[in-house]
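1. my questions are about this predicted structure, shown below with the sequence.
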Amino acid sequence: MESLLWLLLPVAAASGWWIARSSKKLQQQDCSPEINRQYIQGFNYLLNEQPDKAIEALINVVDADHETVETHLVLGALFRRRGEVDRAIRIHQNIIARPNLEQQQRNQALLELGTDYLKAGVLDRAENIFSKMLDAKSKNPKVYKQLREIYEQEKEWQKAIEMTQQIIRLGDKQQSSILAQYYCELAALENPGNLQQVQQNLKKAIAADKTCVRAHIMMGDSHVAEKNIRQAIKSYLYALEINRYFAPLIFTKLAHVYNAENEPERFIRFLDKQGGKQKAANRLALLQAYKNAGEEDEVQALLESELTRKDASPKLVKRYLEMMRDKSEGDIKNIFAALYHLLDHELSTYKAYGCKHCGFESNTLFWQCPTCKNWDTVRPGRLFYPQLEKSEH
């Protein structure tokens, strides 16, 4: 699917020009049938996902017809796709240098050249090209998106916000969730003591996307910092309502709040209302709550009952083995110790968080996946939900 998507961009750009103008060109020029054959052959290679052969065929067309801008654009994009960015840059620079180039063709060539520099990591040149296109009143959403990618890499969040707002004004309302993440990034950069500014950015994030789990969790954290416990709990509960996959993280924060208020029993009652022992995330939170409340009998009963469950949590089974190891002696103690280390080794391959888009796994929560760069696709993974396959994050 990905390969088809990248093909659609250059093919759509080139085919539109070629179909609209090829009949006129054939009348005005003594266009060789061999050139037309190589044109068609090149695009056939593209559709058959054979980029190397497509490049070879299109190079022959370029050599025979130096005036074919559309072919140069496609060829440059292919070189960039194949990692030959220097060749792509030269091709697109040569197009821009042509006299009497139509404005639409020039804009397309500038966009491609800026993308070449972005791919090569030459961010200042890419930013300069895209900024000049905006100065020329370009309304192409791709220009704003490319600039936004640069500002993301440079962590210039306010500029990234401005680009996203422009994209939304151009009609792409689905960008609101990304806009919310940028406001969260601004809030995270604020001095922790400046809670008013932190909360202002988080309110903007929630205004952009009221289902932004991160914004509600961070808002809860800010209320904890100002000792507004009621509002903190309210924010955490709203985040939990939005996405229960984040229950392990949110339960940890709620437990901290109730413990700070010396009310661990209240947290236990809360967990009972949240489904009690039906879900593994609840049982893990209950285990810690029982320990904090000093209810050792409840701890033992919970761990023993875990062994009878079809959806037993490996983390809780590990806690049971740890408990039995500490209580036993002699050979029995050694058996429990061996089982504990065996399960501990197995769990070391499970990560706390995973990206549902690309499968990236980590023990650190990233709100932007480091691998695929998508926002809000990383969530609690197999360490908390062992029934998940790696590809099902």
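-> Sure, I can see it.
2. contacting residues around residue 374?
-> 355, 357, 358, 368 (Cβ atoms under 8 Å, 6 or more residues apart in numbering). To be clear about C-beta, it is placed using only N, CA and C from the backbone, and glycine gets the same treatment.
3. now the buried members of the residues you listed.
-> Applying 16 or more other Cβ atoms under 10 Å to the contacts of residue 374, the neighbour count classes 355, 357, 358, 368 as buried.
4. sort out which of those are in strands and list them.
-> Cross-referencing the buried ones among the contacts of residue 374 against strands under DSSP state E gives residue 355.
5. give me phi/psi at residue 375?
-> Main-chain torsions, residue 375, degrees, to the nearest 10: phi -90, psi 140.
6. and for the nearest residue to residue 93 once chain neighbours are set aside, the neighbour number?
-> Of all residues not flanking residue 93 in the chain, residue 113 sits nearest, at 6.5 Å (Cβ to Cβ, 6 or more residues apart in numbering). Close neighbours of residue 113, defined as other Cβ atoms under 10 Å, add up to 22.
7. so residue 113 touches residue 129, yeah?
-> Yes. The criterion here is Cβ atoms under 8 Å, and residue 113 meets it with residue 129 at 6.1 Å.
8. any stretches of the stretch 1-150 of the chain with poor pLDDT?
-> For the stretch 1-150 of the chain, the stretches with pLDDT under 70 are 1-67.
9. all helices for it, in order.
-> 2-28, 33-47, 51-64, 69-81, 85-96, 103-120, 123-135, 141-154 (DSSP state H, counting those that start in this stretch).
10. quick one: mean pLDDT over whichever strand or helix holds residue 271.
-> Following DSSP states H and E, one finds residue 271 within helix 264-273. Helix 264-273 shows a mean pLDDT of 86.
11. got the contact list for that helix?
-> With Cβ under 8 Å, 6+ apart, helix 264-273 has contacts from 251, 254, 255, 258, 259, 282, 285, 286, 289, 290, 292, 293.
12. among those, which two are most distant?
-> Using Cβ to Cβ, the contacts of helix 264-273 span at most 17.2 Å, a distance reached by 259 and 282.
13. which one's more surrounded, those two?
-> Higher neighbour count among residue 259 and residue 282: residue 282, with 19 against 16, using other Cβ under 10 Å.
14. ok, that one - contacts?
-> 247, 251, 271, 274, 275, 276 are the contacts of residue 282 under Cβ under 8 Å, 6+ apart.
15. repeat the analysis, applying 10 Å as the threshold.
-> Neighbouring residues of residue 282 by Cβ atoms under 10 Å, 6 or more residues apart in numbering: 247, 248, 251, 271, 272, 274, 275, 276, 289.
16. repeat that for residue 150.
-> For residue 150, the contact set (Cβ under 10 Å, 6+ apart) comprises 114, 117-118, 123-124, 126-127, 130-131, 156, 159-160, 163.
17. same list (those) but as JSON lines, adding distance to residue 205 and neighbour count.
-> Formatted as JSON lines, the contacts of residue 150 follow (distance: Cβ to Cβ, whole Å; neighbours: other Cβ atoms under 10 Å):
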{"residue": "114", "distance to residue 205": "29", "neighbour count": "26"}
{"residue": "117", "distance to residue 205": "31", "neighbour count": "23"}
{"residue": "118", "distance to residue 205": "27", "neighbour count": "22"}
{"residue": "123", "distance to residue 205": "26", "neighbour count": "15"}
{"residue": "124", "distance to residue 205": "29", "neighbour count": "9"}
{"residue": "126", "distance to residue 205": "28", "neighbour count": "22"}
{"residue": "127", "distance to residue 205": "25", "neighbour count": "20"}
{"residue": "130", "distance to residue 205": "26", "neighbour count": "29"}
{"residue": "131", "distance to residue 205": "26", "neighbour count": "14"}
{"residue": "156", "distance to residue 205": "17", "neighbour count": "17"}
{"residue": "159", "distance to residue 205": "17", "neighbour count": "17"}
{"residue": "160", "distance to residue 205": "13", "neighbour count": "24"}
{"residue": "163", "distance to residue 205": "16", "neighbour count": "26"}
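18. in CSV: those, plus distance to residue 139.
-> Below are the contacts of residue 150 laid out as CSV (distance: Cβ to Cβ, whole Å):
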residue, distance to residue 139
114, 16
117, 22
118, 20
123, 23
124, 24
126, 19
127, 19
130, 13
131, 15
156, 22
159, 19
160, 19
163, 13
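19. ok, of those, which one's closest to residue 193?
-> Closest to residue 193 out of the contacts of residue 150 is residue 156 (23.5 Å), distances taken as Cβ to Cβ.
20. could you pull up phi and psi at the closest one?
-> Residue torsions, per degrees, to the nearest 10, at residue 156 are phi -90, psi 80.
21. give the buried residues for stretch 302-311.
-> 302, 303, 306.
22. before we move on, what about stretch 319-334?
-> Across stretch 319-334, burial judged by 16+ other Cβ under 10 Å covers 319, 320, 321, 322, 323, 324, 325.
23. which is the next helix or strand following the helix holding residue 271?
-> Following helix 264-273 toward the C-terminus (DSSP H and E): helix 280-292.
24. so residue 215 touches residue 198, yeah?
-> No. Residue 215 lies out of contact with residue 198 (Cβ atoms under 10 Å); the separation is 11.1 Å.
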